[in-house]
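In: predicted model, plus sequence, below.
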Amino acid sequence: MSRLRSTINLAPVAYHLARIRRRERLGHAEQLRLQSLLLRGLVRHAYDNVPHYRRVLTPALVGGLRTAHDLAGFPVLDRVDLHNASAGGELLASGFTAGNTRAATTSGSSGIPITIRNSERDLGYLRATYLQDILTSGLRPTDRIAYFRVNPFLRHPLERLGVLRNFHIPTGRPLDEQVAAFLSARPTFLVGFPNVISSIVEELQRRGIRYQGVRTVLFGGERLTPTARAHLLAYFGAAHREVYASVEVFTIARTCPEGTMHLRSADLVVEVEHADGTVSVEDGEGDILVTRLHSEAMPLIRYRLGDRVRISPNDCPCGVARTPILREVVGRDQDRISGADGRRYYGDFITYAVQDFPEVNRMQLIQRRPGAIEVLVVLTEGARLGVPADIERAVRRKAPGLDVAVRQVREITPEANGKIKIVKVLAPSGAPSADTPSTEKGHVADV
Ligand SMILES: [Zn+2]
């Protein structure tokens, strides 16, 4: 078993990248054939080598698996299961240890902290996936890439040749430091959470700096209001692409040149669990369950990511990607707010009502107690005085049972990782409630 390296080894990345690119060009049926093959291998590996799966699976389940549709009989891996099993090493395949894997942690500040362990081969695959994300998003070899993220990353040898130069914008640091890092990087290609990039744009504008060098912005991680997104892209004069990804399962879907999010069927099984408990593969609306097909150190089978999604068959005219389409991430588990009657529901119908106002640059919906919400809004300059009252009326119409207060603020305080939660549910103590875990999205894994 290979030891971890302190620099990125490019040979496996190049190998994986070539395979990923070849597979993504295949038709959907061929990708599904490959998916079934990889899935059978993964499940067999998990059953043979991982204590947790040895315990929860049976020879009949493992032997009877042919395609992703057969996963419906398998147990789902919830975040709490993952937390408990990984703490005891129950999810590590035999031969893998803390010494020969690298840990990626997500959601430390609130909810249930998760640690994923990846082998050197898993990491080679992860890096190739991310490289493919930026390559298909129009990256050129001469681009200077700025990654907006908390932690720095390993250097790769191509940088010494002046190819694919990466720059780290430390999103956990004060804004002035982020701006300084951005300006000295002189990036042409940005990868990061929308609101973090947005903060830097606002600060550049405040200083009267025009920075026009950016060609493409690759968003991941969270929603940005349409107004803020348009503003950001207009400032740079840049094109934009988007990925739906997470620390646990890497990139799940990615935009094609038409701006449609296509699933990555040859790399992941995406199941949708509907409200009535039934499950479909790559179709319909409900909770997303993900199985990452390339993972040797810590296989996650039917992992409940905590997002609600809507998926439909491919009707995109792009001709580049031929897999089903992720129409939207409907709402996240942690986005659920409580009514005065104790019912819990997703806050998206409210946030969309707020975002429909073009004057809204940023927003945050905070729930401090069941039945009441506070909506913080940052408005565009010169917005009418009556806008907050109009928003309040619109929200009341959408949610007549809720006690609603809309407050105009100058800025919204990000979380420790630099992200802004659009929906933030706080327990009565003022601390984020423990049963509302958050999943970090985007290119934030410690690779
Ligand atoms: Zn397309």
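Out: In hand now; what should we look at?

In: mind listing what's buried in stretch 290-298?
Out: 290, 291, 292, 293, 294, 295, 296, 297, 298 (16 or more other Cβ atoms under 10 Å). Where you see a C-beta, it was placed from the backbone N, CA and C, and this is true even at glycine.

In: now swap in stretch 137-145 and tell me
Out: Quick answer for stretch 137-145 (16+ other Cβ under 10 Å): 137, 139, 143, 144, 145.

In: and the residues you listed, which is closest to the ion?
Out: Nearest to the ion out of the buried residues of stretch 137-145 is residue 137 (Cβ to the ion; 13.0 Å).

In: wait, that closest one sits on residue 216?
Out: Yes - Residue 137 lies in contact with residue 216 (Cβ atoms under 8 Å); the separation is 6.0 Å.

In: ok so, going back, can you flag which of the buried residues of stretch 290-298 belong to strands?
Out: Residues of the buried residues of stretch 290-298 located in strands (DSSP state E): 290, 291, 292.

In: now the second one. Nearest residue, chain neighbours left out?
Out: For residue 291, the nearest residue in space outside its immediate sequence neighbours is residue 269; the separation is 4.1 Å by Cβ to Cβ, 6 or more residues apart in numbering.

In: what sits against that neighbour?
Out: 35, 39, 68, 71, 281, 290, 291, 293 (Cβ atoms under 8 Å, 6 or more residues apart in numbering).

In: same deal with residue 146?
Out: 167, 168, 169, 182, 185, 187, 189, 190, 191, 192.

In: any chance you could map the helices in the stretch 1-150 of the chain?
Out: 10-24, 28-49, 51-56, 59-64, 79-87, 120-136 (DSSP state H, counting those that start in this stretch).

In: please disregard the earlier target; I meant the stretch 251-400 of the chain.
Out: 348-355, 387-398.

In: quick one: closest of those helices to residue 340.
Out: helix 387-398 (14.1 Å; Cβ to Cβ).

In: helix 348-355 and that closest one, what's the angle between them?
Out: Angle of helix 387-398 versus helix 348-355, following axes from the mean of the first three to the mean of the last three Cα atoms, to 10 degrees, is 150 degrees.

In: what is the mean pLDDT for helix 387-398?
Out: The average pLDDT within helix 387-398 is 94.

In: on that earlier part again, let me know the pLDDT of the residue nearest to residue 291.
Out: Taking residue 269 on its own, its pLDDT is 98.

In: residue 156 too?
Out: On the pLDDT scale, residue 156 gets 63.

In: and if you look at the one 3 residues further on?
Out: At residue 159, the predicted lDDT confidence score is 62.

In: what is the least confident helix or strand in the protein?
Out: strand 344-346 (a mean of 73; mean pLDDT, DSSP states H and E).

In: now do the buried residues in that one.
Out: residue 346.

In: for stretch 295-314, same thing?
Out: 295-311, 314.

In: how long is that stretch end to end?
Out: 27 Å (Cα to Cα, to the nearest Å).

In: burial count for residue 421?
Out: Look at residue 421: counted by other Cβ atoms under 10 Å, it has 20 neighbours.

In: thought it was touching residue 364?
Out: Yes - contact criterion Cβ under 8 Å: residue 421 and residue 364 qualify, at 6.8 Å.

In: okay, and the common contacts of residue 137 and residue 216?
Out: Going by Cβ under 8 Å, 6+ apart, residues that sit against residue 137 and also against residue 216 are residue 241.

In: and the buried residues of stretch 137-145 as JSON lines, adding pLDDT and distance to the ion?
Out: JSON lines is the format used below for the buried residues of stretch 137-145 (pLDDT from 0 to 100; distance: Cβ to the ion, whole Å):
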{"residue": "137", "pLDDT": "90", "distance to the ion": "13"}
{"residue": "139", "pLDDT": "89", "distance to the ion": "18"}
{"residue": "143", "pLDDT": "91", "distance to the ion": "23"}
{"residue": "144", "pLDDT": "93", "distance to the ion": "28"}
{"residue": "145", "pLDDT": "92", "distance to the ion": "24"}
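
In: partner residues bridging residue 363?
Out: Beta-bridge partners recorded for residue 363 (DSSP bridges): residue 377.

In: how many neighbours does it have?
Out: By other Cβ under 10 Å, neighbour count at residue 363 equals 26.

In: tell me the spacing between it and residue 423.
Out: Using Cβ to Cβ, to the nearest Å, we find residue 363 at a distance of 10 Å from residue 423.

In: give me the common contacts of the two.
Out: Going by Cβ under 8 Å, 6+ apart, residues that sit against residue 363 and also against residue 423 are residue 351.

In: still on that earlier bit, between the contacts of residue 269, which is nearest residue 243?
Out: The closest of the contacts of residue 269, once distances to residue 243 are taken by Cβ to Cβ, is residue 290, at 14.1 Å.

In: which residues of the stretch 201-350 of the chain score low on pLDDT?
Out: 221-224, 330-335 (pLDDT under 70).

In: where does the stretch 1-150 of the chain get nearest to the ion, residue-wise?
Out: Closest point on the stretch 1-150 of the chain to the ion, by Cβ to the ion, is residue 136, at 10.9 Å.

In: my read is that that residue contacts residue 262, right?
Out: No - look at residue 136 against residue 262 with Cβ under 8 Å: they stay out of range, at 10.1 Å.

In: contact residues of this protein facing the ion?
Out: Within reach of the ion by Cβ under 5 Å from the ion, the chain has these residues: 256, 258, 260, 316, 318, 321.

In: turn those into CSV, columns for distance to residue 383 and neighbour count.
Out: As requested, those are exported to CSV (distance: Cβ to Cβ, whole Å; neighbours: other Cβ atoms under 10 Å):
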residue, distance to residue 383, neighbour count
256, 35, 21
258, 33, 12
260, 32, 19
316, 36, 19
318, 37, 14
321, 39, 26
